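Undergrad: Predicted model and sequence below, questions to follow.
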Amino acid sequence: MFNLISVLGFIMIPDGKVLSFGKWVEEFDVTDRSQLHNASFEDDITNLLAFTSLNIPYDSREHIMLQASSFTRRGVVMFLNTTLDLDRGLQCLIFVPDSLMEGQINSFSRLYPDLCMFDDTFIYQHESLAFRTVDEFYQVFHIPFENSNNAVEKKTI
């Protein structure tokens, strides 16, 4: 796996495979394609067979966040690291489909410690804010999580 704080985003395809894109750095350089959500998505993801086989309509002229519903309708999760600077805290947006496949549940289980590092997490379904905390999302979707000792627990609040 990878460090969520160091990437601009990822998509999680229905089998649970996580495809990351871009790199987050505090000293942002607008001329570096790897530091831009759309450009890095195009460079790192759009030509991968794992993505093209999903037949998701992707429009390079439109911001990736505005296309999230096209992804979730195909069962794909989208994560965007929206942190502006560390002084404001770590921030992310997650767009999820109505239900998760077993592979996605397993991937989310492993991602729990990294997702909990974000200070502000906004999780959307159907273009509406559905969850304001990772814990609430895990409880509703019945996602077990790995704690720092790699022991799997069921999330309850």
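TA: Perfect, I can see it now. Numbers count the residues shown, from 1 in each chain.
Undergrad: Quick check: end-to-end length of stretch 87-97?
TA: Terminal residues of stretch 87-97 are spaced 32 Å apart (Cα to Cα, to the nearest Å).
Undergrad: All the strands of this structure, residue numbers only.
TA: Assigned by DSSP state E, the chain shows strands spanning 9-12, 18-21, 77-81, 91-95, 120-125, 128-131, 144-146, 152-154.
Undergrad: okay, the ones you listed, which one's buried deepest?
TA: Counting by mean count of other Cβ atoms under 10 Å, strand 9-12 has the highest mean neighbour count of the strands of the chain, with a mean of 25. To be clear about C-beta, it is placed using only N, CA and C from the backbone, and glycine gets the same treatment.
Undergrad: Please state the offset of that strand from the chain centre?
TA: Distance of strand 9-12 from the chain centroid (Cα atoms, centre = their mean, to the nearest Å) equals 4 Å.
Undergrad: Now do that strand, average pLDDT.
TA: Summarised as a single mean, pLDDT over strand 9-12 is 98.
Undergrad: for the protein, which residue is closest to the average position?
TA: Among the residues of the chain, the one closest to the centroid is residue 79, at 1.8 Å (Cα atoms, centre = their mean).
Undergrad: Would you quantify the distance from residue 113 to residue 66?
TA: Using Cβ to Cβ, to the nearest Å, we find residue 113 at a distance of 30 Å from residue 66.
Undergrad: The two - which one has more neighbours?
TA: The neighbour comparison of residue 113 against residue 66 (other Cβ atoms under 10 Å) goes to residue 113, with 13 against 10.
Undergrad: Perfect, that will be all.
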